[in-house]
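J.: Just the structure for this:
(chains A, B, C and D)
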2 protein chains.
Amino acid sequence: MAHLPSSSAGPGLADAATPAFSPLYQQIKALILESLQAGEWKPGEAIPSEMDLAGRFRVSQGTVRKAIDELAAENLLLRRQGKGTFVATHSEQQVRYRFLKLMPDAGDLASEGQPQREVLECRRVRAPAEVARMLALRAGDAVVQVRRVLSFGTVPTILEDLWLPGAFFKGLTAQQMAGYHGPTYAMFEVEFGVRMVRAEEKIRAVAADAVQAELLQVPHHTPLLSVERVAYTYNDAPMELRRGLYRTDTHHYRNELN
Amino acid sequence: MAHLPSSSAGPGLADAATPAFSPLYQQIKALILESLQAGEWKPGEAIPSEMDLAGRFRVSQGTVRKAIDELAAENLLLRRQGKGTFVATHSEQQVRYRFLKLMPDAGDLASEGQPQREVLECRRVRAPAEVARMLALRAGDAVVQVRRVLSFGTVPTILEDLWLPGAFFKGLTAQQMAGYHGPTYAMFEVEFGVRMVRAEEKIRAVAADAVQAELLQVPHHTPLLSVERVAYTYNDAPMELRRGLYRTDTHHYRNELN
DNA sequence: GAGTGGTCTAGACCACGCG
DNA sequence: GCGTGGTCTAGACCACTCA
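T.: Numbers count the residues shown, from 1 in each chain, chains lettered A, B, ... in the order given. Okay, the predicted model is just below:
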């Protein structure tokens, strides 16, 4: 690993269109990522110090630093000066509900407290074609389907359907979905070792149908925000499909553009 | 500037709660930002090389590099290996329509081509109280109000109202709004020297009223995405309030969570 | 005081763009 | 071939945390 100038990423690809020059720190980054995927360090744990890693990879501290910098920027690692570098978690106070962009029109998330969860359904089913496609499964593969309502105070605000690959979420129960304190993704880490790393959302405006209207306690045909999310774990592997309906009479979806 | 270890940011603030330790590269970053705000380098132009800046600020190249890295990460500067570092623009092919998150359900932005713009209204008015508040103006200050419809192909898809501070957008005409090829924010840079740096959006689902329904050629009460945006220039100064209504029957608002 | 991440430097060399 | 940004190193010192 040491002193290999401009080594390319993979072997046996000499005829590729681009030489695929890969800087050392990118290779280090890839190695750290592999360890993360492999579960060598669990969520919340500290990874070895920069000096240790530099020694292990036969590389200078600065090179390891640059690799870790990028992983920290992607929210995979969390640096804490004086303490160490830690595997990021959905349990941290600072970034809890990182993926929940719905904010109360007045006040902030803190003043609102934790959402109440009511799990309406939690069962193992065969994946419908479209669900299978979005989760990169075969149609008919087992998935866990969950339907729940999240309420702020006493106001039901979010109606969500979740689909999770059955192979990774064996034994998920309605009790687990409802009882865990904190973000659902934190529970997934603790109970199933599945860490959600990023997600993509498609947002539309729709009219509530009869069932939805009743569950959210709004008039039939009320405009609702439809949020379709695919969440990915390491390696861009899709791990959750989520279809949410948000009431936006007291809340709004907040987004920042940079 | 050189060799000042741990100097604090401002003078005469010895009694502040925190010593406000500020790394050298942050101070350099602030200086570069000032030059950007002052217009020392115009959008699209190259800024001095890292070595030049290092000399000017009596600092090593690595320190300048770290300052520029952060500014590039914030999309204020654009690095191009072998060529230089440039003041970012809304005209670049890569990031055109950076702030427009509406995507066609099938295909991509490229296949869809440029949106057609129809300007319904463009006039100078006194700012209503709420508009003034969001633009940090006094109620009654002059603002330019624009109403327009954006169409993809022949389908009207976006109905937008814009409010711009009159002091910065003197002489903005409907012709300018309609005639410019490329993003509106690129036109603002060229014609008014105003560069939008970031924005915040609040998104809701609403039902089309009679006027909106006719302009977007949809049935009355059709659910639409309401997107309220405040766009900021340097220094977090609000420079535009925009209220958009998006049809989401053929398009969706796309967001990435990290 | 030992150990961690954070800053800063100086210098070498590499990849890229362009004349 | 030169100038640009990009990578990598080695070493010094600083700020923070905790025992």
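
J.: Show me the strands in the stretch 1-150 of chain A, by range?
T.: For the stretch 1-150 of chain A, the strands defined by DSSP state E, counting those that start in this stretch occupy A:46-47, A:77-80, A:84-87, A:102-104, A:116-126, A:142-152.

J.: typo on my end, the stretch 151-258 of chain A
T.: According to DSSP E, counting those that start in this stretch, the strands that the stretch 151-258 of chain A contains are A:155-165, A:198-207, A:223-233, A:237-246, A:251-257.

J.: For B:Leu241, find the nearest of these.
T.: Minimum separation from B:Leu241 across the strands of the stretch 151-258 of chain A (C-beta to C-beta) falls at strand A:251-257, 14.3 Å. Placement of C-beta: from N, CA and C, glycine included.

J.: between the strands of the stretch 151-258 of chain A, which one is nearest to B:Pro104?
T.: strand A:198-207 (11.4 Å).

J.: Contact partners for A:Leu120?
T.: A:Arg147, A:Arg148, A:Val149, A:Leu215 (C-beta atoms under 8 Å, 6 or more residues apart in numbering or on different chains).

J.: Check A:Thr173 too.
T.: Counting by C-beta under 8 Å, 6+ apart, the residues that A:Thr173 touches are A:Cys122.

J.: So which bits of the stretch 101-250 of chain A are right by chain B?
T.: Within reach of chain B by C-beta under 8 Å from any C-beta of the partner chain, the stretch 101-250 of chain A has these residues: A:101, A:198-207, A:221, A:223-226, A:229, A:246, A:248.

J.: Can you tell me which of these are buried?
T.: Buried by 16 or more other C-beta atoms under 10 Å in any protein chain shown: A:101, A:198-199, A:201-207, A:223-226, A:229, A:246, A:248, out of those.

J.: filter these down to the ones near DNA strand C?
T.: When C-beta under 7 Å from any atom of the strand is applied, no member of these is adjacent to DNA strand C.

J.: residues contacting the residue nearest to the spatial centre of chain A?
T.: The residue lying closest to the centre of chain A (C-alpha atoms, centre = their mean) is A:Met196, at 2.7 Å. Neighbour list for A:Met196: A:His90, A:Phe99, A:Tyr185, A:Phe188, A:Ala231, A:Tyr232, A:Thr233, A:Met239, A:Glu240 [criterion: C-beta under 8 Å, 6+ apart].

J.: give me that answer again for 7 Å
T.: A:Tyr185, A:Phe188, A:Ala231, A:Thr233, A:Met239, A:Glu240 (C-beta atoms under 7 Å, 6 or more residues apart in numbering or on different chains).

J.: Show me the shaky parts of the stretch 101-250 of chain A.
T.: A:109-110 (pLDDT under 70).

J.: picking that back up, most surrounded residue in the contacts of A:Leu120?
T.: Counting neighbours by other C-beta atoms under 10 Å in any protein chain shown, A:Arg148 leads the contacts of A:Leu120 with 21 neighbours.

J.: which non-adjacent residue is nearest that residue?
T.: A:Val119 (4.7 Å; C-beta to C-beta, 6 or more residues apart in numbering or on different chains).

J.: Now for that neighbour, how many residues are close by?
T.: Counted with other C-beta under 10 Å, the neighbours of A:Val119 add up to 16.

J.: swap in the one 3 residues further on?
T.: Number of residues near A:Cys122 (other C-beta under 10 Å) recorded here: 18.

J.: how far away is A:Leu100 from A:Gln175?
T.: Distance, A:Leu100 to A:Gln175, by C-beta to C-beta, to the nearest Å: 22 Å.

J.: Settle it for me: which of the two has more neighbours?
T.: Remark: of A:Leu100 and A:Gln175, A:Leu100 carries more neighbours, 19 against 10, as counted by other C-beta under 10 Å.

J.: does any part of the top helix by length along chain A sit near DNA strand D?
T.: In chain A, with assignment by DSSP state H, the single longest helix is helix A:24-38. Yes: under the criterion of C-beta under 7 Å from any atom of the strand, DNA strand D is reached by helix A:24-38 at A:Leu24, A:Tyr25, A:Gln26.

J.: contact partners of that helix?
T.: A:41, A:57, A:59, A:63-64, A:66-67, A:70-71, A:76, A:87, A:234-235.

J.: okay if I get those as TSV plus neighbour count and distance to DNA strand D?
T.: Listed next are these as TSV, based on neighbours: other C-beta atoms under 10 Å in any protein chain shown; distance: C-beta to the nearest atom of the strand, whole Å:
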residue	neighbour count	distance to DNA strand D
A:Trp41	17	18
A:Phe57	18	8
A:Val59	19	4
A:Thr63	20	3
A:Val64	26	8
A:Lys66	16	6
A:Ala67	26	8
A:Glu70	16	10
A:Leu71	21	14
A:Leu76	20	18
A:Val87	21	17
A:Tyr234	17	22
A:Asn235	9	22
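
J.: Grab the nearest non-local neighbour of A:Ser151.
T.: Of all residues not flanking A:Ser151 in the chain, A:Gln116 sits nearest, at 4.3 Å (C-beta to C-beta, 6+ apart).

J.: should've said A:Pro115
T.: The shortest distance from A:Pro115 to any non-neighbouring residue, by C-beta to C-beta, 6+ apart, is to A:Leu150 (4.3 Å).

J.: What of A:Gln114?
T.: The shortest distance from A:Gln114 to any non-neighbouring residue, by C-beta to C-beta, 6+ apart, is to A:His181 (7.3 Å).

J.: Then A:Arg56?
T.: Using C-beta to C-beta, 6+ apart and skipping the chain neighbours, the partner closest in space to A:Arg56 is A:Pro48 (7.2 Å).

J.: From A:Pro223, how far out is the nearest residue to A:His220 once chain neighbours are set aside?
T.: Among residues not flanking A:His220 along the chain, A:Ala213 sits closest, at 4.7 Å (C-beta to C-beta, 6+ apart). Remark: distance between A:Ala213 and A:Pro223 (C-beta to C-beta) = 11 Å.
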